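**Student:** quick one: sequence and predicted model below, then my questions.
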Amino acid sequence: MSTSETSRYVRLRVDVVLEIDGPEALADAAEGRIDGDEFMPEEERVHARAAAREDSAEALAYLVEPFDLIRDVPGIEMVQASWSTEEVDYDPDALEWDLGEEDEGEEGEQEDVRP
């Protein structure tokens, strides 16, 4: 049997590069999310606020929710999700940032979209 006949699971990989042009607004939004998390212990909340203020990548990690990507997609259920953020040196002309060509032709592949 082929993979498509035996597996009901699909891994969706999304790679997004964002430019942070409002670090204060981003940190404020992250703090709001942290403060609104009723399940986060206070000791962790203090650490999370400090991390969000010091590092835009950390602030973004508190605001990104993978479930939001698939919330309204019919016929699926999220089984597992993970994500990470990191600051990077970005050069849109460098080969390493050409996201569309290395996987060209794979089933389900979407075009590289740059606003």
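**Tutor:** Now that the structure is in, tell me what you want to look at.
**Student:** quick one: pLDDT of Gly2?
**Tutor:** Not Gly; residue 2 is Ser. pLDDT recorded at Ser2 is 57.
**Student:** likewise for the one 5 residues further on?
**Tutor:** Model confidence at Ser7, given as pLDDT, is 73.
**Student:** gap between it and Val79?
**Tutor:** Using Cβ to Cβ, to the nearest Å, one gets 12 Å for the distance from Ser7 to Val79. Just so you know, the C-beta spots here come from the backbone N, C-alpha and C atoms, and that holds for glycine as well.
**Student:** try Ala27
**Tutor:** The value you get for Ala27 to Val79, if Cβ to Cβ is used, is 32 Å.
**Student:** settle it for me: which of these two has more neighbours?
**Tutor:** Counting neighbours by other Cβ atoms under 10 Å for Ala27 and for Val79 shows that Ala27 has the greater number, 22 against 8.
**Student:** contacting residues around that one?
**Tutor:** By Cβ atoms under 8 Å, 6 or more residues apart in numbering, Ala27 lies in contact with 52-53, 56, 59.
**Student:** shaky segments in the protein?
**Tutor:** Scanning the chain for pLDDT under 70 picks out the ranges 1-6, 99-115.
**Student:** and Glu87, helix, strand or coil?
**Tutor:** Secondary structure for Glu87, judged by DSSP: H, G, I helix; E, B strand; the rest coil, is coil.
**Student:** was I right to think it contacts Ala57?
**Tutor:** Yes. Contact criterion Cβ atoms under 8 Å: Glu87 and Ala57 qualify, at 5.1 Å.
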